[in-house]
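[1] what's the 3D shape of this:
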Amino acid sequence: MTTDQARDDDQIDGPILAEGVDEDPVESNRRSFTGRGYMAVAMVSILYAMAHMLALNGVSLSDWTGIDLPFLPRFPLETWNFRILHIAGALALGFLIFAAHGFADDPGAPRKTPLVSMLALALGIPALIAGATAIGFAQMIASGDQPQMGGLTTWAAFPGTEIYATEVTWFGIPLLIATLGAILTGWVERRPRDSFAVSDIVLALCGMVVAIYLITIYGTAARNSVGTTFVPIGVAFAATAGSALILELTRRVAGLALVVITGIFLLYTFTAHLLPGLLAVDRAYSWQRFFGHVYSDAGILGPTTAVSSTYIILFIIFAAFLQASKVGDYFVNFAFAMAGRARGGPAKVAIFASGLMGMINGTSAGNVVATGSLTIPLMKKVGYHRKTAGAVEAAASTGGQIMPPIMGAGAFIMAEVTGIPYQDIAIAAIIPAILYFASIYFMVDFEAAKLGMRGMREDELPKIRTMVRQVYLFVPIIILIAALFMGYSVIRAGTLATMAAAVVSWLPVLMARLFPGSLPASALAGMGPREILKAFELAGIMSIQIIAVCACAGIIVGVISLTGVGARFSNVLLDLAGVSQLLALFFAMCIAILLGMGMPTTAAYAVAASVVAPGLVQLGIPLLTAHFFVFYFAVVSAITPPVALASYAAAGISGANPMETSVASFKIGIAAFIVPFMFFYNSAILMDGTWVEVIRACATATFGVFLLSAGVQGWFMGGRSAWFLRVALVVAALFMIEGGLVSDLIGLGAAVGIYLVQRIFQPRANASIPVRGAD
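    Model (predicted):
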C-alpha cells in the first residue's frame, strides 16, 4: 500500500496486509539505472558487501586463488588499509548512485548541460595524473631502492627533495583541482536519472586515488609522523581531498546539518588561537598539521570508521537478508494482529511495529518511512489528528535505536569507545527500552481514551493464526541473541544470524509442501542465488549513508582530539558539579541534544561521546552509565524541536506542519528525557545490581512512567484529571522514577491519594482552586 493510496482510501475492504515495508526507499537524488549501468553498479555493490563479509570472518581469498590480496586482512586484525579501502569503496559507490541534486518528479526530458559535462571530463585529466603519480610512488617503494629504518621503508618527502616537489606538483595540486572542480561541476551538471554524471565518475576516481596514495605511504615509516609537523605534504593533500569527498557525499545522503556542524568544527580548528577563554588554544594549527592528523586513527580512521567497517556493515548485511526474506512485512502484520484491536489500534501497531523494525533498521527516519506509510494514514482514519499521527510514529521509530539486540549503529560505537562488550551494552539497554516504549504506549492509550477511539474490526486485521504460522521469521533474531549470550563474538553471531535468514526463507516452501494451503502465497519464496546476490547488492547500497556519516563524524572527532576542546568541556562539567551534580547532568543533556540536532544518531553519539562523556566519567559516574546517558539523548534528539529529523519525515507522510509534529512528538516522548537521569540515581535500571534490585527498579520506574504519562495527558484511572491533580501526578512520577525506597513509598502514597481525590471528589477537568481571605 502506498502512502497516497492509504491517504485517499475511505473504506477498508478486507484485512490490512503490509506490503513493500522491506523495499528499499528511493531517495529523490538517487539514480535509477537500467541495463549495463544497473549491472555495473549492482556488481560493485555486491563485491563491496561480500568482501566485507569474507574479510570479517577471516576468509582469505589469497589462499583460494593464489593471488596476493594484502588489503583483505583476517579478522580481528583491523588495519588502516582496510578502513581506507572501506571508505574509498563507499565513496565510489555513493557518487555513482547518489546525484548532487534531486530529480524532479516530472518524467519530461531533463535540462542538459553538455558544456559542464565536457568541463568535468577535462577534470579527469588531473585526477589521472594524480593517480599515475600515486601508482608510481607505490612502484618506487616496492622496488626496494628506498632506505630502510627499523624494518620500514623511509619516505623522505622533506621540503627541497625531489619527492616533495613531485608530491606537490604531480600529486597534490592535480588531485585538489580534480576533487574540488568535480564537486563544483557536480552541483550544476544535469544528466538523465538512468545515466552516470561525468563529474561523479571523476569524484569516484579521486576517492580511489586518495586510497592508493594513503595505503602506499602508510606502509612506510612516514606513518609514524602522522599528527606531527613532519607528516609528508602528500598526506595533507590526500586528506584534504578525502575530507572534501566525505563532506560532499554526506551532504548527498544525509543532508546539510552534519556537514554544517563539521564545517563549524573545521573553522574552529584554524581560528581557535584567536578565540578567548574556554575555546582558546595556545598556537595556531597549520593546514598540513591538521590534515596530516585527521586521516588517521585519531580522526576519520578512528572508532567511528573502525565500527562502520566491522559491526555496522555486517548488521546491514543481516538486515538486507531479513528484508529479502520479507520479515519487515511480517513484523508490521504481526503488530496489526497483536495490537490492532485495542483502542486507537493503529497507533499501538506503530509502537509495536517500530520496535520490531528498529531491531533491523538503524535510522529513526528510515524506520518512519518503512512503517509510517501504512500506520500514519490508519491513525488519521480512526480519529487521531494528523500531527499526532505523525508524532506517534516519529517517537516510536526513534525508540528503535535503543531496542536490543541491534540498537542501530550507535551501540557498536559505544562498545568500541568504552571497551565494554557489546553483549553487556545490549543487556543494559533492556529496561531503558521497556520504559521508552511503555511511556509511548501509555501516552497513546490515554490520548485514545480521551478521544473515545475504537480499535480496528476483526475483518480489518490479519489473522493471528496465519501470523503464528510464520513465527519462524523471528528465528534469525533469536539465533543472534542466543549466539551473543553463548559467548560468540558479535561478528560470528551476526554471520550465523545472516546465514539463518537465508535458510529460514525456505521453511514456508517446505511447509507448503507438507501442509498445502497453510500459508499465503506471498510467503512462499525462498532465497536462491539470485535473491542472495540481491541482498548483498542492497546491503552495499544501504551501507553508503552510515559509512559516510561515520567518516564525517570522524572529522569532528579528529578536531576534538587535536584541539583538546573535549577536555575543556569536561572541566566545565566538573566546575558545575561543584555547585550541583544535577545541574552538570542537565548541562550535559543540553550539549548532547544540541550536538545531535539534525544529525543521524551515529554521528550525534560519536561527537557527544567525545565532548560530554569524558566529563561525566570524571564526575565519578560509571563508564557505562555516562555513555548511556549521552547515547539516549543523542537518540531522542531526532524528536527534539526545532530540528527533529524523525518528526520531519513523519510530517511528510501525515501532511502536518513539521514544527507542530516535532513539538507533539517531543510531548509524546517526554518520559524519554527523564529516563537517562534515572541511570544516574538508580544504576539497577542498567542491570547493575541484584535481581531483586533490578526487578524493583523496573517495576517502580514503569509505574513512574505511567504516572508521568497520565499527568501529561490529563487522563488517570478512567477519567480526565483536573490541572492540580495532573501536577501532583507528575510530582509523584518523579518520586517513583528517583528509585530510592523512601521516594518510591512517597510516590505510591501520592498516587493513591490522587486516585482517592479523583474518585471521591470527582473534580472537573477545568476545575480551579478558589482562594479566599487574601484581603
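[2] Check the residue nearest to S354 when sequence neighbours are not counted and give its pLDDT.
    Using Cβ to Cβ, 6 or more residues apart in numbering and skipping residues adjacent in sequence, the residue nearest S354 is A396, 3.8 Å away. Where C-beta positions appear, they are placed from N, C-alpha and C, glycine not excepted. With respect to pLDDT, A396 has a value of 88.
[3] Do I have it right that A396 meets Y436?
    No - the pair A396 / Y436 is not scored as a contact, 9.3 Å apart, by Cβ atoms under 8 Å.
[4] Give me the more crowded residue out of those two.
    A396 (37 against 29; other Cβ atoms under 10 Å).
[5] Please provide the alpha-carbon coordinates for the one helix or strand G399 maps to, formatted as PDB.
    Per DSSP states H and E, G399 falls inside helix 386-399. The C-alpha coordinates for helix 386-399 follow below in PDB (Å, rounded to 0.1, in the frame of the first residue of the first chain):
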ATOM      1  CA  ARG A 386      -2.600  14.300  11.600                       C
ATOM      2  CA  LYS A 387       0.200  16.000  13.700                       C
ATOM      3  CA  THR A 388      -0.500  13.400  16.500                       C
ATOM      4  CA  ALA A 389      -0.400  10.500  14.000                       C
ATOM      5  CA  GLY A 390       3.000  11.700  12.700                       C
ATOM      6  CA  ALA A 391       4.300  12.400  16.200                       C
ATOM      7  CA  VAL A 392       3.400   8.900  17.400                       C
ATOM      8  CA  GLU A 393       5.200   7.300  14.500                       C
ATOM      9  CA  ALA A 394       8.200   9.500  14.900                       C
ATOM     10  CA  ALA A 395       8.500   8.800  18.700                       C
ATOM     11  CA  ALA A 396       8.000   5.100  18.200                       C
ATOM     12  CA  SER A 397      10.500   4.800  15.400                       C
ATOM     13  CA  THR A 398      13.100   6.800  17.400                       C
ATOM     14  CA  GLY A 399      12.800   4.100  20.100                       C
END
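[6] Pull out the buried residues from the biggest helix by length in the chain.
    Secondary structure of the chain read by DSSP state H shows that its longest helix is helix 529-563. Using 16 or more other Cβ atoms under 10 Å as the test for burial, helix 529-563 gives 532-563.
[7] circling back to that earlier point, give the other helices and strands that the helix holding G399 contacts.
    Here helix 386-399 touches helix 345-358, helix 364-382, helix 430-451, helix 645-654, helix 658-668, going by 3 or more Cβ pairs under 8 Å, 6 or more residues apart in numbering; DSSP states H and E.
[8] Let me have the ones you listed in TSV, adding distance to T305 as columns.
    Shown next, in TSV, are the helices and strands packed on helix 386-399 (distance: least, Cβ to Cβ, whole Å):
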stretch	distance to T305
helix 345-358	24
helix 364-382	21
helix 430-451	27
helix 645-654	22
helix 658-668	31
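[9] Need those helices in TSV (columns: mean pLDDT).
    Formatted as TSV, the helices and strands packed on helix 386-399 follow (pLDDT from 0 to 100):
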stretch	mean pLDDT
helix 345-358	79
helix 364-382	78
helix 430-451	88
helix 645-654	85
helix 658-668	89
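[10] So for G263, which of those sits nearest?
    helix 645-654 (18.7 Å; Cβ to Cβ).
[11] Check the offset of the closest one from the chain's centre.
    Put simply, helix 645-654 sits 17 Å off its chain's centre (Cα atoms, centre = their mean, to the nearest Å).
[12] ok, now stretch 646-662?
    19 Å.
[13] ok, V643 - contacts?
    257, 597-598 (Cβ atoms under 8 Å, 6 or more residues apart in numbering).
[14] Give me the contacts around the helix or strand that comes right after the helix holding G399.
    Next helix or strand after helix 386-399 toward the C-terminus (DSSP H and E): helix 410-418. Around helix 410-418, the neighbours that count as contacts under Cβ under 8 Å, 6+ apart are 303-304, 306-307, 310-312, 315, 401, 420-422, 425-426, 429, 490, 550, 601-602, 604-606, 609, 613, 623-624, 627-628, 631, 634-635.
[15] quick one: which of those sit in helices?
    Judged by DSSP H, helices contain the following of these: 303-304, 306-307, 315, 422, 425-426, 490, 550, 601-602, 604-606, 609, 613, 623-624, 627-628, 631, 634-635.
[16] Of these, keep whichever come out buried.
    303-304, 306-307, 315, 422, 425-426, 490, 550, 601-602, 604-606, 609, 613, 624, 627-628, 631, 634-635.
[17] low-scoring pLDDT stretches of the stretch 251-400 of the chain, where are they?
    Applying pLDDT under 70 to the stretch 251-400 of the chain picks out residues 328, 358-363.
[18] looking at it, R726 is touching G711, isn't it?
    Yes - applying Cβ under 8 Å, one finds R726 in contact with G711, separated by 4.6 Å.
[19] neighbour-wise, which of these two wins?
    Neighbour totals were compared for R726 and G711, and G711 leads with 25 against 20 (other Cβ under 10 Å).
[20] in stretch 614-629, what's buried?
    614-617, 619, 621, 624-629.
[21] In a markdown table, list those along with distance to P346 and pLDDT.
    Shown next, in a markdown table, are these (distance: Cβ to Cβ, whole Å; pLDDT from 0 to 100):
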| residue | distance to P346 | pLDDT |
| --- | --- | --- |
| P614 | 43 | 87 |
| G615 | 43 | 86 |
| L616 | 39 | 87 |
| V617 | 43 | 88 |
| L619 | 44 | 84 |
| I621 | 40 | 87 |
| L624 | 36 | 91 |
| T625 | 36 | 91 |
| A626 | 38 | 91 |
| H627 | 35 | 91 |
| F628 | 31 | 90 |
| F629 | 33 | 91 |
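[22] from the residues you listed, which is closest to G94?
    The closest of the buried residues of stretch 614-629, once distances to G94 are taken by Cβ to Cβ, is H627, at 29.3 Å.
[23] pretty sure the closest one is touching V612, no?
    No - H627 is beyond contact range of V612, at 9.5 Å (criterion: Cβ under 8 Å).
[24] ok, M443 to E660 distance?
    17 Å (Cβ to Cβ, to the nearest Å).
[25] Please say which of these two ends up with more neighbours.
    A direct count of neighbours by other Cβ under 10 Å for M443 and E660 places M443 higher, at 28 against 18.
[26] separation between the more buried one and A391?
    Remark: distance between M443 and A391 (Cβ to Cβ) = 10 Å.
[27] Could you tell me which residues touch both of the two?
    667-668.
[28] Let me see the contact set for A603.
    Applying Cβ under 8 Å, 6+ apart, we find A603 in contact with 258, 304, 549-550, 552-553, 556.
[29] Apologies, that question was intended for G566.
    Per Cβ under 8 Å, 6+ apart, neighbours of G566: 560, 610-611, 614-615.
[30] Find the helix or strand that it is a member of.
    With DSSP H and E as the criterion, G566 is inside helix 565-579.
[31] what is the mean pLDDT for that helix?
    On average, helix 565-579 scores 78.
[32] What are the buried residues along it?
    Buried, per 16+ other Cβ under 10 Å, within helix 565-579: 565-566, 568-570, 573, 576-577.
[33] can you give me the strands for the stretch 1-150 of the chain?
    148-149 (DSSP state E, counting those that start in this stretch).
[34] so where do the helices sit in it?
    3-8, 35-56, 61-65, 80-97, 114-142 (DSSP state H, counting those that start in this stretch).
[35] Turn these into TSV, including mean pLDDT, mean neighbour count and distance to L266.
    Listed next are the helices of the stretch 1-150 of the chain as TSV, based on pLDDT from 0 to 100; neighbours: other Cβ atoms under 10 Å; distance: least, Cβ to Cβ, whole Å:
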stretch	mean pLDDT	mean neighbour count	distance to L266
helix 3-8	39	14	38
helix 35-56	91	18	28
helix 61-65	56	10	38
helix 80-97	94	24	18
helix 114-142	94	18	23
